[in-house]
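> Next comes the sequence, and after it the predicted model I'd like to discuss.
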Amino acid sequence: MADVSNSNLYAFNTGTHDFSGACVVLVRTEWNATIIDELEKGCRKVLDEYGVKQVVTVTIPGAVEIGFAVKAYWESKSRHLGTRPHAFITLGCVIRGDTPHFDYVCKTVTDAVTQLNLLIQVPTIFGILTVENQEQALERIGGKHGHKGEEAALTALKMIALNTSLRK
């Protein structure tokens with residue numbers, strides 16, 4: 001089982017980073033809003049701690065629409081360097097039900113985020129919970145499995161730093 005204690009995710013040990021000019025776009029779903037609200041709070045907390053001044057939230061109906069929303073936002077803003085996002089963080093929570101719908105949604109959103117990471121010039125972070133039940137979701141917003149919103153924000157910051165260093 002993935003556990004943040006098995007990683008160095010919370011360590012930012014490669015020099016100093018100025019994220020004050022960064023723009024991070026949170027693309028969040030309407031489904032399971034209580035969980036998504038907490039994921040967003042965790043993201044915003046970390047982004048604020050690291051000095052990110054521009055955080056934009058885009059709300060969409062469900063996880064399947066994430067790929068479209070990120071791509072459409074990127075295409076609408078990428079022509080203007082001043083408004084161009086430096087990273088996207090996708091926030092969703094897909095809880096298994098009684099039908100195969102869970103499997104289709106999880107595959108679709110995973111494939112979309114993978115494609116976005118290959119197609120657009122900035123990282124798209126997978127902050128989508130794919131869980132069996134509500135209890136597992138709660139364990140991932142500050143419970144025994146950490147806070148996946150915070151982890152997604154840290155991942156975005158590290159990827160912004162990487163992308164910046166590679167473009168020099």
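Received it, and whenever you're ready, just let me know what you need. Numbers count the residues shown, from 1 in each chain.
> The residue lying farthest from the centre of the chain: what secondary structure?
Going by CA atoms, centre = their mean, the residue of the chain most distant from its centre is Asp98, 26.9 Å out. Look at Asp98: counting by DSSP: H, G, I helix; E, B strand; the rest coil, its state is coil.
> Return the set of buried residues in the host helix or strand of Val70.
Per DSSP states H and E, Val70 falls inside helix 66-77. For helix 66-77, burial by neighbour count (16 or more other CB atoms under 10 Å) applies to Ile66, Gly67, Ala69, Val70, Lys71, Tyr73, Trp74, Lys77. Where C-beta positions appear, they are placed from N, C-alpha and C, glycine not excepted.
> In a markdown table: these, plus distance to Ile141 and pLDDT.
Below are these laid out as a markdown table (distance: CB to CB, whole Å; pLDDT from 0 to 100):
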| residue | distance to Ile141 | pLDDT |
| --- | --- | --- |
| Ile66 | 19 | 98 |
| Gly67 | 23 | 97 |
| Ala69 | 22 | 98 |
| Val70 | 22 | 97 |
| Lys71 | 27 | 96 |
| Tyr73 | 25 | 95 |
| Trp74 | 27 | 95 |
| Lys77 | 29 | 83 |
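> Just the angle for the next helix or strand along the chain from the helix holding Val70 relative to helix 66-77, thanks.
For helix 66-77, the following helix or strand on the C-terminal side (DSSP H and E) is strand 87-95. Orientation check (axes from the mean of the first three to the mean of the last three CA atoms, to 10 degrees): strand 87-95 against helix 66-77 gives 160 degrees.
> Strand 87-95 pairs with which strands?
Applying DSSP bridges, strand 87-95 is found paired with strand 23-29 (parallel), strand 124-131 (parallel).
> List the buried residues of the helix or strand that it is followed by.
The element immediately downstream of strand 87-95 (helix or strand, assigned by DSSP H and E) is helix 101-119. Within helix 101-119, the residues scored as buried using 16+ other CB under 10 Å are Phe102, Val105, Cys106, Thr108, Val109, Ala112, Val113, Leu116.
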